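Generate a structure from the sequence data that follows.
(one chain, ligands or ions: 4)
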Amino acid sequence: HLLTFDMKDAIRRGDFHLVYQPVIDLAAETVTSFEALMRWRHPERGLISPMEFIPVAEETGLIVALGAWALAEACREATAWPDEIRVAVNVSTVQFQHDLERSVSSALDGAGLSADRLKLEVTESALMRDPERVVATLHRLRALGVRIALDDFGTGYSSLSYLRRFPFDKIKIDRTFIKDIAEPDAAAIVRAVVGLGERLGMSIVAEGVETAEQLDLVRSEGCDEVQGFLFSRPLPASEVQAFLRSRR
Ligand code: G
Ligand code: G
Ligand code: MN
Ligand code: NA
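Ligands and ions are numbered 1, 2, ... in the order given. Sure, this is the predicted structure:
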């Protein structure tokens, strides 16, 4: 692939950076964490979306280095934030096959960040391949104090068995359900997931909240936390502190 060649260089040159989207607790109305999202500023092509380059990085194995970089960078940047604010990092399936624990430990140690400030977001696809090994890895990460969220819940090949089998702290309901939450069917699904979360001791995050109406509905369905353009787009690291101050 055309991007493969460029990507190797780009990691070295520092052409990748992270942006951070706040996650808000609905009851307390405070920011609990920021999700780190990768961006690539290509010298000729401009900004390239992770939807384009992550799949290429996964196919070529470059995601192992890129993912380790993202973990290290997010942990480093989070050390500048107040202690109660966590950072969430997306991890790819491929990283599980390449010593994710070591990347996580070295990111935490390198930054001097306490493990309980880090959250990993995994998707169902990461759980399908070699589930025994993934379960063991997730248990060891949690034993360090790292939290685990199941991302994009409800898409893909769900998934109720995953909830029983894997040790999640949170479930993030995919934004396609939130987009349609004014419709009874989508609302019923959100409500059912909230019920599951309560029974299983997992908190529920609604992703992609864009309107005040959607916010009212996710609140009334019982979601614990929200994330979406209504609160903020993903922000450059330099704007995180100002965002936190503006919400006080
Ligand atoms: O930021 P944006 O909404 O454009 O992200 C598009 C997709 O890319 C999302 O599915 C998101 O989870 C994924 N993504 C963004 N940053 C990372 C990252 O650092 N690692 C992995 N594995 N996926 C990411
Ligand atoms: O797959 P994951 O949940 O990690 O994807 C995060 C992606 O969702 C990012 O690309 C981010 O820019 C995008 N996103 C975050 N909030 C919203 C929103 O309110 N609406 C839409 N359409 N996308 C959002
Ligand atoms: Mn995510
Ligand atoms: Na998601």
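
any idea which strand is longest in this protein?
strand 30-42 (DSSP state E).

partners of the helix or strand that that one is followed by in the sheet?
Reading on from strand 30-42 to the C-terminus, the next helix or strand found by DSSP states H and E is strand 46-48. Sheet pairing of strand 46-48 (DSSP bridges) gives strand 30-42 (antiparallel).

Which residues belonging to the strand it pairs with are considered buried?
By neighbour count on 16 or more other Cβ atoms under 10 Å, the buried set for strand 30-42 is 31-40. The way it works is simple: take the backbone N, C-alpha and C, and place the C-beta from them, glycine included.

from the residues you listed, which are also near ligand 3?
Among the buried residues of strand 30-42, no residue sits close to ligand 3 (Cβ under 5 Å from the ion).

which of those residues lies closest to residue 222?
Of all the buried residues of strand 30-42, residue 222 sits closest to residue 32, with 16.7 Å by Cβ to Cβ.

Residue 86 versus the closest one, what's the distance?
7 Å (Cβ to Cβ, to the nearest Å).

which residue ranges form the strands in this structure?
According to DSSP E, the chain carries its strands in the segments 16-25, 30-42, 46-48, 86-90, 118-122, 147-153, 170-173, 203-206, 225-226, 235-236.

Relative to residue 244, which of the ones you listed is closest?
Minimum separation from residue 244 across the strands of the chain (Cβ to Cβ) falls at strand 30-42, 6.1 Å.

Not counting residues beside it along the chain, what's closest to the residue in the chain that ligand 2 sits nearest to?
For the chain, the residue closest to ligand 2 is residue 228, as judged by Cβ to the nearest ligand atom, at 3.2 Å. Spatial nearest neighbour of residue 228, excluding adjacent residues (Cβ to Cβ, 6 or more residues apart in numbering): residue 209 at 3.4 Å.

mind listing what residue 67 touches?
Residue 67 is in contact with 91-92, 94-95, 103, counting by Cβ atoms under 8 Å, 6 or more residues apart in numbering.

for residue 170, that is, sorry about that
For residue 170, counting by Cβ under 8 Å, 6+ apart, the contacting residues are 119, 147-150, 202-205, 225.

Return the closest of the residues you listed with respect to residue 189.
Distances from residue 189 to those, taken by Cβ to Cβ, are shortest for residue 204, at 11.9 Å.

now that closest one, nearest residue through space, not along the chain?
Closest residue in space to residue 204, ignoring its immediate chain neighbours: residue 197 at 4.4 Å, by Cβ to Cβ, 6+ apart.

Return the residues in contact with that neighbour.
171, 203-204, 224.

and if you look at residue 234?
Counted by Cβ under 8 Å, 6+ apart, residue 234 has contacts 19-21, 35, 37.

filter the residues you listed down to the ones near ligand 1?
Residues of the contacts of residue 234 in contact with ligand 1 (Cβ under 6 Å from any ligand atom): residue 37.

Can you pick out the most distant pair from the contacts of residue 234?
19 and 35 (9.2 Å).

Would you check which pair of the buried residues of strand 30-42 lies furthest apart?
The widest separation within those (Cβ to Cβ) is 27.5 Å, between 32 and 40.

elements contacting the worst-scoring helix or strand of the chain on mean pLDDT?
Lowest by mean pLDDT, DSSP states H and E among the helices and strands of the chain is helix 2-13, with a mean of 83. When contacts are defined as 3 or more Cβ pairs under 8 Å, 6 or more residues apart in numbering; DSSP states H and E, helix 2-13 packs onto strand 30-42, helix 50-60, helix 63-78.
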